[in-house]
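# one predicted model, sequence on top.
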Amino acid sequence: MNDRKPVSIHNILGRMPPAWQRDVIFFANILALFYGNDKEIAQLRKEVGIIETYGSRLVPIVNLLFAGKNNILLLEKEPDSLLLEYFRNNLGLTIPGIKLAGYQDYSRVLDDERDFPEPLKALIKSFRENEAPWIDGFVTDACLDRIAGLTGKQTVCPVAASRRGNNKLLLYEQWKKEEFPVFDTLIAGDPGVVEEACRKLKQDGYQRAVVKAQIGASGIGMLHVDFSQAFPEIPEYIFFEGPCLVQGWLDESFDPVTYIGSPSVQMMINDDDIYLFDLTEQLLSRQSIHEGNVSPPGYLTLDNPVQGEILRQAGSAGQWLREQGYRGTASGDFHLIERDGRPEVRLCEVNARVTGATYPSVLARHFCPGRVWLMRNICFSPAIRDTLLLETLKKHGVLFDPGKSEGILPFNFNYERPGEVMKGQFLFLAENSQVVWSLLEQLVGIEELHGTFARD
């Protein structure tokens, strides 16, 4: 699908894009993230843990993105009830209608309709009777497409558009075609060719390489290879979509490179417009796994030509996504280095979905347009009661309220047992970066919480 209709690209950094005037049934289908690559999902579950509770990050933002009156959010697990009260009573947010169903249950829509279990029949009936004409999710897969057909509704974007928009190999080929800077890349269809590609990159002066599946997220589907160590086993799921990418790793180990940062541009792609609404710095682990974001990046300013180049490439990435037929929130993740005194900007990937940075960005731009924000994942060991967690933040005077200029806004809790918070996603808001980092230090410094940093 190539929609080459002229489109307007709007740079509105620090402000919310217009909400879609649509009613939507939004599926928190995180288990569909890799389009049927079950082994990759198993790896995600192994590394992240309780992934079913991550869908509740959508609760406070669905009605900010979709302005309809009949929005429904389908979750795997019940969201934390205390957070719902906080969203409604303290923050003044409206919450979509919430339904619960496991992905393994509603994915049975791919079976013969005569074999549907009664709970699935009831779920489909409730969707059919809902006035919302649109269906959306983290990704649009065959399951969502089938539900749309059964309920007389339309997906916000087609399956092919969602899948192509998240494909790293297709993006790489497009970027080469448009003559944008790209990483030194070799394409490999099996582990033996991966090893051969790594030997070639080592001969070219690289100390490390990264092996990327065509579709991956949160560090899953991405394998780092250190040439000073034994060659690792390449997981079978890396080749689920076909050949993978093997790319030379550009950092200080490659003379004369100085690594600067990993900026990311948040986008909203509509039928006629592309909005670039936030510029963040990704907080990454040594393995380049997303751990959080801060906005704006401290090393970029409005008059910095590097920022202009990042936004130029982001606009082109948004246009490419739109041409695939994709509609919705997205991000363009970049790699910024300096070599021989000159900056180099490369697009690492685009994510055609709600990402880990979408939730805090939308909330920050809704409550505090133009201000600084920071998002981090915090683990609690042992798990802490949600009531004690919020009461402690209130006691220390740091819980965010719209009447304040700064504070900490918890927007999701991960749990195994309701009310027992093992991990949470927290948004830190302030007028300047010094204060947001100070708020983060305050949170992890509260002894009774036993909080530590965690991956996304």
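Right, received. Where do you want to start?
# flag every buried residue along the lengthiest helix in the chain.
When the chain is parsed with DSSP state H, its longest helix is helix 305-323. Buried positions in helix 305-323, judged by neighbour count with 16 or more other C-beta atoms under 10 Å: 306-307, 309-311, 313-323. All C-beta spots, glycine's among them, are computed from the backbone N, C-alpha and C.
# and for stretch 330-342?
Buried residues in stretch 330-342, counted by 16+ other C-beta under 10 Å: 330-337.
# and the furthest pair within those residues?
The span of the buried residues of stretch 330-342, defined through C-beta to C-beta, is set by Ala330 and Ile337 at 23.7 Å.
# model confidence at the most centrally placed residue in the chain, what's the number?
The chain has Thr355 as the residue nearest its centroid, 1.4 Å off, counting by C-alpha atoms, centre = their mean. Listed pLDDT for Thr355 reads 95.
# so what's it up against?
By C-beta atoms under 8 Å, 6 or more residues apart in numbering, the residues touching Thr355 are 266, 329-331.
# identify those among the residues you listed that sit within strands.
Counted as lying in strands by DSSP state E, out of the contacts of Thr355, are 266, 329-331.
# let me know the closest of those to Lys121.
Thr329 (31.8 Å).
# run through the bridge partners of that closest one.
Met268 (DSSP bridges).
# ok, it - contacts?
Going by C-beta under 8 Å, 6+ apart, Thr329 touches 65, 266-269, 353-355, 358.
# how far away is it from Gln266?
7 Å (C-beta to C-beta, to the nearest Å).
# same question, Leu399
Distance, Leu399 to Gln266, by C-beta to C-beta: 25 Å.
# these two: which has the busier surroundings?
Taking other C-beta atoms under 10 Å, Leu399 and Gln266 do not tie; Gln266 has more neighbours (26 against 19).
# helix, strand or coil for the closest residue to the more buried one other than its chain neighbours?
Take Gln266 and drop its neighbours on the chain: the residue closest to it by C-beta to C-beta, 6 or more residues apart in numbering is Asp278, 3.9 Å away. Following DSSP: H, G, I helix; E, B strand; the rest coil, the label given to Asp278 is strand.
# so what pLDDT did Asp278 get?
At Asp278, the predicted lDDT confidence score is 98.
# so what's the residue count around it?
Asp278: 28 surrounding residues under other C-beta under 10 Å.
# need the helices for the protein, in chain order.
With DSSP H as the criterion, the chain has helices spanning 38-48, 62-65, 81-85, 103-106, 118-129, 142-151, 159-165, 168-177, 191-203, 305-323, 358-367, 386-395, 433-445.
# using CSV, list the CA coordinates for the third one.
Yep, that's helix 81-85 we're talking about. Listed next in CSV are the C-alpha coordinates belonging to helix 81-85 (Å, rounded to 0.1, in the frame of the first residue of the first chain):
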residue,chain,number,x,y,z
SER,A,81,-8.0,0.5,41.2
LEU,A,82,-6.1,3.1,43.3
LEU,A,83,-4.5,4.5,40.2
LEU,A,84,-7.9,4.7,38.5
GLU,A,85,-9.1,6.9,41.4
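# overlap in contacts of Thr329 and Gln266?
Counting by C-beta under 8 Å, 6+ apart, the residues touching both Thr329 and Gln266 are 355, 358.
# and the nearest residue to Lys212 once chain neighbours are set aside, what does it touch?
In space, and not counting its chain neighbours, Lys212 is closest to Leu245: 4.5 Å by C-beta to C-beta, 6+ apart. For Leu245, the contact set (C-beta under 8 Å, 6+ apart) comprises 168-169, 172, 185-188, 211-212, 214.
# got a ChimeraX select line for the buried ones in these?
Command for ChimeraX that selects the buried part of the contacts of Leu245, burial taken from 16+ other C-beta under 10 Å:
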select :168,169,172,185,186,188,211,212,214
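# dump the contacts of Leu245 to CSV, plus pLDDT.
Formatted as CSV, those follow (pLDDT from 0 to 100):
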residue, pLDDT
Lys168, 98
Leu169, 98
Tyr172, 98
Thr185, 98
Leu186, 98
Ile187, 98
Ala188, 98
Val211, 98
Lys212, 98
Gln214, 98
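# ok, the contacts of Leu245 vs Leu449, which is closest?
Nearest to Leu449 out of the contacts of Leu245 is Lys212 (C-beta to C-beta; 36.5 Å).
# isn't the closest one right next to Trp249, touching?
No. Lys212 lies out of contact with Trp249 (C-beta atoms under 8 Å); the separation is 11.3 Å.
# so for Asn2, what's the pLDDT?
Taking Asn2 on its own, its pLDDT is 60.
# ugh, wrong one, I meant Val48
Confidence at Val48, expressed as pLDDT, is 83.
# let me see the contact set for the closest residue to it other than its chain neighbours.
In this structure, Val48 finds its nearest non-sequential neighbour in Ser218, 6.7 Å apart by C-beta to C-beta, 6+ apart. Taking C-beta under 8 Å, 6+ apart, we find Ser218 in contact with 44, 47-48, 289-290, 356, 455-456.
# Asn37 now?
Applying C-beta under 8 Å, 6+ apart, one finds that Asn37 lies in contact with 215, 237, 240-241.
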